[in-house]
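> Could you work out the structure for the sequence below:
(2 chains)
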Number of protein chains: 2
Amino acid sequence: MELLLLSNSRSPDGGYLSHAQELIRAVAAGRKRVLFVPFAAVTFSWDQYTANVQAAMDPLGLVLTGAHAAGERDIAEAELIMVGGGNTFQLLKECRARGLLQALRARVAAGLPYIGWSAGSNLACPSICTTNDMPIVDPQGFDALGLVDFQINPHYTNALPAGHQGETRDQRIAEFLAANPQATVVGLPEGDWLRVSGTRTQLGGPFPARLFQGGREAAQISPEAVLAV
Amino acid sequence: MELLLLSNSRSPDGGYLSHAQELIRAVAAGRKRVLFVPFAAVTFSWDQYTANVQAAMDPLGLVLTGAHAAGERDIAEAELIMVGGGNTFQLLKECRARGLLQALRARVAAGLPYIGWSAGSNLACPSICTTNDMPIVDPQGFDALGLVDFQINPHYTNALPAGHQGETRDQRIAEFLAANPQATVVGLPEGDWLRVSGTRTQLGGPFPARLFQGGREAAQISPEAVLAV
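All right, here's what the predicted structure looks like:
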């Protein structure tokens, strides 16, 4: 299984997926035909989302078909799966309603690389229970693709706006682990990613990540570290 | 219907529900027996939560029974309902699993005052779709008590931690309205509350709130204003 799970789409220089270009090139490894899953887009169209990502992928020679416009043949002939960020609940709802979860799982198990960012990284987890998104629609169950055994919290930070009294991210993850004590959560800061190759999961990017497990102190994951998950 | 829906529990001076004491006294209007719904607590026990709120309510002479420990008679004899904050998903899940949603709806319709804060205010809305909480458990449907016709976004702020690239609150609410164009959302800043009496809903507290409706510019709600919702 070959996965590239990015925390977010925007690079520190403001470019769209620009920090991910060389990573995506390496994962694609010459493949061209991409099935792009745009269902996390809520306030703009899936056509527009597909066009935006196509523009970012033009330098890599990738050719995207939006899953909203894809037929069975497009899915069968795709060489790479790419799942964009946005609202995780709508992403999961649309994938479930279209029977796409099983199809994606099967294609990834058969060796197709999977590249996701933000909501697209959450979709690769056992459930979407560690998303930061607002539950704007009911996805009819929180279980997701389960391509990895752990949960990702994308856009990870423990900071709050000054003076704000809502829960910190660490408190939210602690609540998740209290309700799901067997789970593991990786808090993945913006700019970072996880590269899964077979059973090996390595942290990439400039920042340390955080590893949360029930009944243990949270631990730091150093850049380039291979995760013991 | 008599509702007091607070954005949050912590007053600016750091006291627990201290900014709400006189409000609660006015809403209670001499009633004493409170059914307290503690199910939003995740990382501490429902006994502990009930004891904490009891301590804060001692000066008002209120006597709390936790809904986790309540029998049918406690529910039938309650004079006031109080629903505490914490994780909205767990709160709704437990209320649904215990058949408490119908019971609470019936008692409030019969005239029992309802006081909620944070998750407890979200529970009074048509759904919990405008919570800020992490979806740590599946509530088996997002529909909630529907005591009011509008959605509340508690702990409302549009600020992000410096440098953070996740969605702002206004973007999240815009996504909710794109998916639910007929809905109305009140962004309720910390320290504020809504007082619903019959068909009249008034903003209380020191800060202006924000009114979001599909296809319209967000509007400011001034302190003490009666809402046109």
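> contacts, neighbours, all on C-alpha from now
Will do.
> Next, count neighbours for A:V196.
21 (other CA atoms under 10 Å in any protein chain shown).
> what about it, which helix or strand?
According to DSSP states H and E, A:V196 maps onto strand A:193-197.
> C-terminal to that strand, what's the next element?
Next along the chain from strand A:193-197, counting by DSSP H and E, comes strand A:200-204.
> If you count neighbours, what's buried in that next one?
A:T201, A:Q202, A:L203, A:G204 (16 or more other CA atoms under 10 Å in any protein chain shown).
> Around chain B, pick out the residues from chain A.
Counting by CA under 8 Å from any CA of the partner chain, chain A comes close to chain B at A:10, A:42-43, A:87, A:128-138, A:140-142, A:155, A:159-162, A:164-166, A:172, A:174-176, A:178-180, A:190.
> In helices, which of those residues fall?
A:R172, A:A174, A:E175, A:F176, A:A178, A:A179 (DSSP state H).
> Let me know the closest of those residues to chain B.
Minimum distance to chain B across these is 4.8 Å, recorded for A:F176 (CA to the nearest CA).
> How about that closest one, nearest residue that isn't a chain neighbour?
Excluding the flanking residues, the one nearest A:F176 by CA to CA, 6 or more residues apart in numbering or on different chains is B:I136, at 4.8 Å.
> Spit out the contact partners of the one you found.
B:I136 sits next to A:C129, A:T130, A:E175, A:F176, A:A179, A:N180, B:F89, B:Q90 when contact means CA atoms under 8 Å, 6 or more residues apart in numbering or on different chains.
> Equivalent analysis for A:L91, please.
Applying CA under 8 Å, 6+ apart, the residues near A:L91 are A:P38, A:F39, A:A40, A:A41, A:A119, A:L123.
> Just the ones in helices from those residues, please.
A:A119, A:L123.
> of all the buried residues of strand A:200-204, which comes closest to chain B?
A:G204 (18.4 Å).
> so what pLDDT did that closest one get?
pLDDT for A:G204: 97.
> ranges for the strands of chain A?
A:2-6, A:33-37, A:63-66, A:80-83, A:114-117, A:151-153, A:184-187, A:193-197, A:200-204, A:209-213, A:219-221 (DSSP state E).
> Looking at the contacts of B:I136, spot the one nearest B:E77.
B:Q90 (25.3 Å; CA to CA).
> any idea how far A:D143 lies from A:K93?
A:D143 is 11 Å from A:K93, where distance means CA to CA, to the nearest Å.
> Mind exporting the C-alpha coordinates of the lowest-mean-pLDDT helix or strand in chain A to CSV?
Using mean pLDDT, DSSP states H and E, helix A:72-77 stands out as the lowest-scoring helix or strand of chain A, at a mean of 92. Extracted C-alpha coordinates of helix A:72-77, given in CSV (Å, rounded to 0.1, in the frame of the first residue of the first chain):
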residue,chain,number,x,y,z
GLU,A,72,-16.9,2.6,-13.8
ARG,A,73,-14.2,2.6,-16.5
ASP,A,74,-12.5,5.7,-15.3
ILE,A,75,-12.4,4.2,-11.8
ALA,A,76,-11.1,0.9,-13.2
GLU,A,77,-8.4,2.6,-15.3
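> Just the buried residues of it, please?
A:D74, A:I75.
> among the contacts of B:I136, which ones are buried?
Neighbour counting by 16+ other CA under 10 Å classes A:C129, A:T130, A:E175, A:F176, A:A179, B:F89, B:Q90 among these as buried.
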